[in-house]
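A.B. asks: have a look at this fold, sequence not included:
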């Protein structure tokens, strides 16, 4: 049975996939394969929802579906009442930095904060208002001051780094709502999004002594994870993509600083010292295994991320922190094209633009052109198929037989080596 | 998960009854929420989650300009009215 496809979902899916990016909504309409990977991620999500922790690297080639899997994991997490935050790393967004790049990463995570109710992001005010709203209900029921209830419920945050100021900011948000002072609410949101660059400004606006800065981003995330649970959600899942940007850093110290931060997150997860919090991180194989610049170059990480030596020759072990994405099968690919045809037609069989025969012919054509890459890295195949449907839709006189041989599907180029900064050590040697 | 708190469904029913069009600004929605003693984020979260649970889609989408799914609106009115009875 076909699921109902809303017009907004159809538009988002088609537009995003044609541009080579993963849509934020409607993934269930074209998801195929990756059963075991998804089962493992679902177990992780359930562990987080139960107050535990999780940490996973999702490793695969460009176009193999890492971002898709991360987005799907977020959707699954929303159903389990988790709050999610996601961001791509890039030269101006890092896990560890001294020039504002970590603060910038935190800002992006908070901007992309999502819930089941707000899957497209910008859910920060909703999360706060859910907390404040429930505190107000309690206060009304017990005939107490709302501020007193908020302070009491946030008292457990004060044992964490910056917890006192965090609680103050939430109180200010309530004050802003209660006294109809939107500027105060905006200031509270600005603080939580790490948009204050000076402590003085934050003190004037909110009366707090600290700001979210490069050196306390991870501590703030731990604080936020506890807060979302106090708001009534099950936990916080953080998804970071494009980890290859750490590999690309030329400065060894900066690179190691980022790996050290990942190690801290991994250790907290493995040791259970965080609660209701998990990390899913997407990267290409070179980010993980390159012995000179990859995660394996950082010894403490290499030992924790090493593959199980028994898991080879067809044997698998998904209990470790690394999930490696394999190829989709020909059957998966066929189902994918069927589903895309259905999405394109808005779920209406009478509007299908191509027959099953055309799908077979398209798959054969792709396989002839780029071989197994059409299954291993399906992004280009998907783009090409949607382009074909688009032309057929707008030119009803044309048949698929006329177009299919003109399809110029190509395999993915690997940009891992693009923009790789020259290694500081090598530069020194040359001097 | 229920985030209605002690106030029950009545404010949400009143809020749904006050929505007459399929588009409204965030400011307008916030005002309607305030009129029934709800915070806008709290209301949106509860109604959208209820929408997912009952009909598989959210009631409210959008950021500054909000879009209301009229079909879901009618179903939720009915649902909440029945649960209150």
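C.D. replies: That came through, no problem. Here the structure is a predicted model, which means the values were calculated and not measured. Residues are numbered from 1 along each chain as shown, chains lettered A, B, ... in the order given.

A.B. asks: in chain B, mark out all the helices, start to finish.
C.D. replies: B:10-18, B:26-35, B:40-55, B:70-84 (DSSP state H).

A.B. asks: of the ones you listed, which is nearest residue A:148?
C.D. replies: Of all the helices of chain B, it is helix B:40-55 that lies closest to residue A:148, at 19.3 Å by C-beta to C-beta. C-betas here are computed from N, CA, C, even on glycine.

A.B. asks: pLDDT (mean, whole number) over that closest one?
C.D. replies: The average of the pLDDT scores along helix B:40-55 is 94.

A.B. asks: and for stretch A:155-162?
C.D. replies: On average, the pLDDT along stretch A:155-162 is 90.

A.B. asks: which parts of it are buried?
C.D. replies: Neighbour-count burial for stretch A:155-162 flags A:157, A:160, A:162 (criterion: 16 or more other C-beta atoms under 10 Å in any protein chain shown).

A.B. asks: show me which of the residues you listed neighbour chain B.
C.D. replies: Among these, proximity to chain B is found for none (C-beta under 8 Å from any C-beta of the partner chain).

A.B. asks: the residue minimising distance to the centre of chain A and residue A:280, how far apart?
C.D. replies: Centrality entry for chain A: nearest residue to the mean C-alpha point is residue A:239, 3.3 Å, by C-alpha atoms, centre = their mean. Distance of residue A:239 to residue A:280, given as C-beta to C-beta, to the nearest Å: 5 Å.

A.B. asks: how many neighbouring residues does residue 75 have?
C.D. replies: Assuming you mean chain A. For residue A:75, the count of nearby residues is 18 (other C-beta atoms under 10 Å in any protein chain shown).

A.B. asks: chain B was what I was after
C.D. replies: 17.

A.B. asks: how near is it to chain A?
C.D. replies: 14 Å (C-beta to the nearest C-beta, to the nearest Å).

A.B. asks: pull the contacting residues for the closest residue to that residue other than its chain neighbours.
C.D. replies: Excluding the flanking residues, the one nearest residue B:75 by C-beta to C-beta, 6 or more residues apart in numbering or on different chains is residue B:55, at 5.3 Å. Counting by C-beta atoms under 8 Å, 6 or more residues apart in numbering or on different chains, residue B:55 touches B:71, B:72, B:75, B:76.

A.B. asks: what distance do you get for the residue of the stretch 251-400 of chain A found nearest chain B to residue A:353?
C.D. replies: Residue of the stretch 251-400 of chain A nearest chain B, by C-beta to the nearest C-beta: residue A:347 (13.4 Å). Noted for residue A:347: a distance of 14 Å to residue A:353, by C-beta to C-beta.

A.B. asks: now do the strands in chain A.
C.D. replies: Taking DSSP state E as the criterion, chain A contains strands spanning A:53-59, A:82-88, A:235-241, A:277-283, A:322-324.

A.B. asks: helices and strands around the shortest one, which ones?
C.D. replies: It stands for strand A:322-324. Contacts defined by 3 or more C-beta pairs under 8 Å, 6 or more residues apart in numbering or on different chains; DSSP states H and E place strand A:322-324 against helix A:35-49, strand A:53-59.

A.B. asks: closest to chain B out of these?
C.D. replies: Nearest of the helices and strands packed on strand A:322-324 (C-beta to the nearest C-beta): helix A:35-49, 10.6 Å.

A.B. asks: what's the average pLDDT for that closest one?
C.D. replies: Helix A:35-49 comes out at a mean pLDDT of 94.

A.B. asks: wait, does it contact chain B?
C.D. replies: No - interface with chain B: helix A:35-49 contributes nothing (C-beta under 8 Å from any C-beta), its closest point being 10.6 Å away.

A.B. asks: low-confidence ranges, the stretch 301-431 of chain A, go.
C.D. replies: Scanning the stretch 301-431 of chain A with the threshold set as pLDDT under 70 gives A:409-418, A:423-431.

A.B. asks: re earlier: now the helices of chain B in JSON lines, with distance to residue A:270?
C.D. replies: Shown next, in JSON lines, are the helices of chain B (distance: least, C-beta to C-beta, whole Å):
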{"stretch": "helix B:10-18", "distance to residue A:270": "42"}
{"stretch": "helix B:26-35", "distance to residue A:270": "42"}
{"stretch": "helix B:40-55", "distance to residue A:270": "32"}
{"stretch": "helix B:70-84", "distance to residue A:270": "42"}
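
A.B. asks: looking at those, which one is packed in the most?
C.D. replies: Stretch with highest mean neighbour count among the helices of chain B: helix B:40-55 (a mean of 22; mean count of other C-beta atoms under 10 Å in any protein chain shown).

A.B. asks: that one vs helix B:26-35, what angle?
C.D. replies: 90 degrees (axes from the mean of the first three to the mean of the last three C-alpha atoms, to 10 degrees).

A.B. asks: ok, the residue lying closest to the residue nearest to the centre of chain A once chain neighbours are set aside - contacts?
C.D. replies: Ranked by C-beta to C-beta, 6+ apart and with sequence neighbours excluded, the top spatial neighbour of residue A:239 is residue A:86, at 4.0 Å. Taking C-beta under 8 Å, 6+ apart, we find residue A:86 in contact with A:70, A:74, A:109, A:112, A:114, A:238, A:239, A:240, A:241.

A.B. asks: quick check, nearest of these to residue A:198?
C.D. replies: residue A:109 (21.2 Å).

A.B. asks: burial of that closest one, as a residue count?
C.D. replies: Neighbours of residue A:109 under the rule other C-beta under 10 Å: 25.

A.B. asks: contact partners for it?
C.D. replies: Taking C-beta under 8 Å, 6+ apart as the test, what residue A:109 contacts is A:85, A:86, A:87, A:221, A:238.

A.B. asks: and if we set it to 10 Å?
C.D. replies: By C-beta atoms under 10 Å, 6 or more residues apart in numbering or on different chains, residue A:109 lies in contact with A:84-87, A:93, A:124, A:193-194, A:217, A:220-221, A:224, A:236, A:238-240.

A.B. asks: by neighbour count, which of those wins?
C.D. replies: Counting by other C-beta under 10 Å, top hit in the contacts of residue A:109: residue A:84 with 31 neighbours.

A.B. asks: am I right that that residue is in contact with residue A:120?
C.D. replies: No - counting by C-beta atoms under 10 Å, residue A:84 sits too far from residue A:120 to count as a contact (11.4 Å).

A.B. asks: from chain A, how far out is the spatially most central residue of chain B?
C.D. replies: The centroid of chain B falls nearest to residue B:47 when counting by C-alpha atoms, centre = their mean (4.2 Å). Distance, residue B:47 to chain A, using C-beta to the nearest C-beta: 8 Å.

A.B. asks: name the nearest residue to that residue, ignoring sequence neighbours.
C.D. replies: Per C-beta to C-beta, 6+ apart, closest to residue B:47 is residue B:59, 4.7 Å.

A.B. asks: next one, pLDDT for that neighbour please.
C.D. replies: Residue B:59 carries a pLDDT score of 96 in this model.

A.B. asks: pretty sure it contacts residue B:80?
C.D. replies: No - taking contacts as C-beta under 10 Å, residue B:59 lies outside contact range of residue B:80: 11.3 Å.

A.B. asks: please enumerate the shared neighbours of the two.
C.D. replies: B:16, B:47, B:50.

A.B. asks: go ahead and confirm the second one touches residue B:12.
C.D. replies: In other words, residue B:47. Yes - the criterion here is C-beta under 10 Å, and residue B:47 meets it with residue B:12 at 6.5 Å.

A.B. asks: who in the stretch 1-150 of chain A is up against chain B?
C.D. replies: Counting by C-beta under 10 Å from any C-beta of the partner chain, the stretch 1-150 of chain A comes close to chain B at A:3-4, A:6, A:8-9, A:25, A:78-79, A:81, A:115-142.

A.B. asks: with that, I have no additional questions.
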